[in-house]
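# model this:
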Amino acid sequence: MTRADVKSPRVKSAGTALLRGLFLFLLTLPLHAQTGDHSIALSVGYLDASQIFLYPQSSDPVLRDETADIGSSFCYAGGYRFNLYPSIAVQLHAEYVSGRSSRSDQVGTVEKNGFDVWLLEANAVFTLPFSTRRFQMYVGGGGGMYLGRRIHSIAGVSAETVSSTPAVGIHVLVGAEYMLTEHLAVRADIIFRDPQISAENRFPQERVLSNGVEYPLRDEPFRSHINLNGNVYSLGWSWYF
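Residues are numbered from 1 along each chain as shown. From the prediction side, this is the model:
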């Protein structure tokens, strides 16, 4: 390693000081007060984990815990926020999340699993004391209602949705918002929730033949639980009016 490859402590300190100064400058840029206490937001999120409990009503504890791992999914959300006080707001939040996974057995027959879930939540948001007019950090929490359906097919035969029972739950969020103009802001949130939605499906036939193998299908309603057990990381825009 040559002397040119090694940065001196003085250079490192100067670079760090420059970055800190730029960050503080952005935070303290003059910004007019928001023109209204109302805002609407649109965002895209990333759910990092989800699963389906395949036999939740089984008397066998091993089968009750058997799951199909769906993995990560994208979420699409919209919300309305109203500032009650300078540091307290209430919010309505609607979100849609969809996940799919598939696997093949030893003869190549494909089984698909997945879900579609719709969420409606209400929460309170508290702005942290060190926030400024331009940059705000906040925490919040509340409750919600969740409705979903399971997607399931074997060898191309899909199990139709028979019923879905809405679930209720609580959530916690932390977030930050940076005002670009008087009206427009960038908003980032992390949401912690663990809803579990019950759904029933039924295959339209008793069996299917695939790759020379006959597979039995459940033509009577069977229940499963959709579990969104991951955190949601979202990024979007908010508009104040």
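# residue contacts, F53?
64-67, 196, 224-225, 227 (CB atoms under 8 Å, 6 or more residues apart in numbering). In short, each C-beta sits where N, CA and C put it, glycine included.
# Report how many residues lie close to R150.
25 (other CB atoms under 10 Å).
# Just list whatever residues bridge to it.
Partner residues in beta bridges with R150, using DSSP bridges, are F115.
# and it, what does it touch?
Taking CB under 8 Å, 6+ apart as the definition of contact, the neighbours of R150 are 52, 113-115, 159, 161, 199, 201, 224, 226.
# with those residues in mind, which one is nearest to R149?
Nearest to R149 among those is T161, at 4.6 Å by CB to CB.
# Now for the contacts of F53, which sits with the most neighbours around it?
Highest neighbour count within these: S224, with 23 neighbours (other CB under 10 Å).
# Quickly find the element holding it.
S224 belongs to strand 222-227 when assigned by DSSP states H and E.
# who touches that strand?
Contacts with strand 222-227, where a contact means CB under 8 Å, 6+ apart, come from 50-57, 67, 115, 117, 148, 150, 152, 194-202.
# Which ones among these lie within strands?
Per DSSP state E, strands hold the following members of the contacts of strand 222-227: 51-53, 67, 115, 117, 148, 150, 152, 196-202.
# If any of those are buried, give me the ChimeraX selection for them.
Buried residues among those (16 or more other CB atoms under 10 Å), as a ChimeraX selection:
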select :51,52,53,67,115,117,148,150,152,196,197,198,199,200,201
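# circling back to that earlier point, just the angle between the strand holding S224 and strand 196-202, please?
Between the axis of strand 222-227 and that of strand 196-202 there is an angle of 150 degrees, by axes from the mean of the first three to the mean of the last three CA atoms, to 10 degrees.
# So in that sheet, which strands flank strand 222-227, and in what orientation?
For strand 222-227, the pairing partners within the sheet under DSSP bridges are strand 51-53 (antiparallel), strand 196-202 (antiparallel).
# give the contact list for the nearest residue to P166 once chain neighbours are set aside.
Here the nearest residue to P166 in space, its sequence neighbours aside, is L147; by CB to CB, 6 or more residues apart in numbering that works out to 4.8 Å. Residues near L147 by CB under 8 Å, 6+ apart: 117-118, 164, 166-167, 197.
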